[in-house]
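Q: Structure here, sequence nowhere to be found:
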Ligand code: SF4
């Protein structure tokens, strides 16, 4: 059996940076260190940080005092203001690429555009971006919604950084018929585009695709969905223990990739388990 492992699998730059900042902060501040929401969408990595003393609080109101780490997909303006009011020490791990998406949203708004964010309205990154704009903002997750919306005079389009690039292109194309003027900033993260492209290439070649990452991770869910469109035998798992030997039996080529918030140690465990299962087959 041949195992094709995506080179782009695992932590992206922004997630690695956030984890490194949290580890560094845990060394410096052994007490009263919190993240606002789980630092990344991976329960195993969050547990690891908890063991270092980094506690998760979902609301600023629940942080009594001390330091708060803002996660890679950013925080809303309200939470930022509340943290300042409470005089919490802020460790801002917002990914610089997400900051850029926030900047473009504000820029478009200031210049009179209705801002269209291609993304999931319930994702914290999108909620945070929206919070910096007062009104004239819409979030769309599919082309049909754009076809039913509008018309607009001036439309500015950005994307949630981990959105599918193809969906972004589709929505930009559809919007051309609905607005007099369209201004586009491609804020889909390059790391996401590479990961999705590589996953597609691998999925085309294999008989079964394994996608590793938190079930609460939007970018992993999207990666699995993209692979499934090409290879219906695609399985999304969180840990090596979830790997079902039946998925792999009688397969000659297996593909493996992982979301941006999946730690390397989990990818290695899954890879090892696949190789063990293969060994027991021979
Ligand atoms: S996926 Fe891209 S934008 Fe999002 S945290 Fe990672 S590097 Fe930053």
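A: Good, I have the coordinates. Since this is a predicted model, take the numbers as computed values, not measurements.

Q: so the closest residue to residue 13 other than its chain neighbours is in which element?
A: Leaving aside its sequence neighbours, residue 13 sits nearest to residue 191 (Cβ to Cβ, 6 or more residues apart in numbering; 6.2 Å). Quick note: C-beta positions are derived from backbone N, CA and C, even for glycine. Residue 191 belongs to helix 190-205 when elements are defined using DSSP states H and E.

Q: So which elements touch the helix or strand following that helix?
A: Scanning forward in sequence from helix 190-205 by DSSP H and E, the next helix or strand is strand 208-212. Strand 208-212 is packed against helix 190-205, helix 218-230, strand 234-237, helix 245-248, strand 253-258, helix 264-281, with contacts defined by 3 or more Cβ pairs under 8 Å, 6 or more residues apart in numbering; DSSP states H and E.

Q: Out of these, which one sits most buried?
A: strand 253-258 (a mean of 24; mean count of other Cβ atoms under 10 Å).

Q: The residue in the stretch 101-250 of the chain that the ligand sits nearest to - nearest residue in space that isn't next to it in sequence?
A: With Cβ to the nearest ligand atom as the measure, residue 189 is the residue of the stretch 101-250 of the chain nearest to the ligand, at 3.0 Å. Spatial nearest neighbour of residue 189, excluding adjacent residues (Cβ to Cβ, 6+ apart): residue 161 at 4.1 Å.

Q: that older thread, what count of nearby residues applies to the residue of the stretch 101-250 of the chain closest to the ligand?
A: Around residue 189 there are 25 other residues, counting by other Cβ atoms under 10 Å.

Q: where does it land on pLDDT?
A: The confidence metric pLDDT takes the value 93 at residue 189.

Q: so where do the helices sit in this protein?
A: Counting by DSSP state H, the chain has helices at residues 13-28, 43-51, 77-85, 96-110, 124-131, 143-148, 165-175, 190-205, 218-230, 245-248, 264-281.

Q: can you tell which of those is closest to residue 6?
A: Across these, residue 6 has its closest neighbour in helix 190-205 (4.8 Å, Cβ to Cβ).

Q: mind listing what the residue nearest to residue 189 touches?
A: By Cβ atoms under 8 Å, 6 or more residues apart in numbering, the residues touching residue 161 are 73, 95, 97-98, 101, 125, 187-189, 192.

Q: My read is that residue 58 contacts residue 34, right?
A: No: shown here, residue 58 and residue 34 do not form a contact pair, counting by Cβ atoms under 8 Å, at 10.1 Å.

Q: Compare the two and say which is more crowded by neighbours.
A: Each of residue 58 and residue 34 has its neighbours counted (other Cβ under 10 Å); residue 34 has more, 20 against 11.
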